[in-house]
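Asks: Here you go, sequence then predicted model.
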Amino acid sequence: MPRWIVTVLAGTYWRIFGHPQNGMDCFKWALASVPRRYEDVVLTTMAGLLYKSGSLEDALVLMKDALKVNDKDPDANFFMANLLSATGNFSGALHFYQQSLRMRPDFAPAKQFILVSS
């Protein structure tokens, strides 16, 4: 198993057990060695930790970078929509919810958010 995957798993462990700074350190180490085509995985994971820690703007920056690497992941688009919604950018959120549905038409959570926002 590649070292970057092990480091992401370690970071997830620390996040779950209440040590977000240790988790973020692991994610940063993973980002330093991950192949470019998988950077979105690490960036999205880091964005999730930042969001849960209350750093919404930093999470948005990382998600923008993650979507530059891979904009074809419906879950990443959905997370970006949720982040934008949390900032009050509902038109931007709607765009990403719709993107999620284009990629996965049966994506129920995205459908629910679109119905609520209509």
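Replies: Looks like it arrived, so ask away. Numbers count the residues shown, from 1 in each chain.
Asks: all helices for this protein, in order.
Replies: With helices called from DSSP state H, the chain shows them at 3-16, 20-33, 39-52, 56-69, 74-86, 90-103, 108-117.
Asks: buried ones in the first one?
Replies: Same thing as helix 3-16. Trp4, Thr7, Val8, Ala10, Gly11, Thr12, Trp14, Arg15 (16 or more other C-beta atoms under 10 Å). The C-beta positions use only the backbone N, C-alpha and C, and glycine is treated the same way.
Asks: nearest to Ser53, of those?
Replies: Arg15 (9.3 Å; C-beta to C-beta).
Asks: Not counting its neighbours along the chain, what's nearest that closest one?
Replies: Gly23 (3.8 Å; C-beta to C-beta, 6 or more residues apart in numbering).
Asks: which residues touch the one you found?
Replies: Gly11, Thr12, Tyr13, Trp14, Arg15, Leu49 (C-beta atoms under 8 Å, 6 or more residues apart in numbering).
Asks: Need the per-residue pLDDT for it.
Replies: At Gly23, the pLDDT value in this model is 96.
Asks: Run through the residues that contact the most centrally placed residue in the chain.
Replies: By C-alpha atoms, centre = their mean, the chain has its centre lying nearest to Thr44, at 3.2 Å. Shown in contact with Thr44 (C-beta under 8 Å, 6+ apart): Leu62, Met63, Ala66, Asp73, Asp75, Ala76, Phe79.
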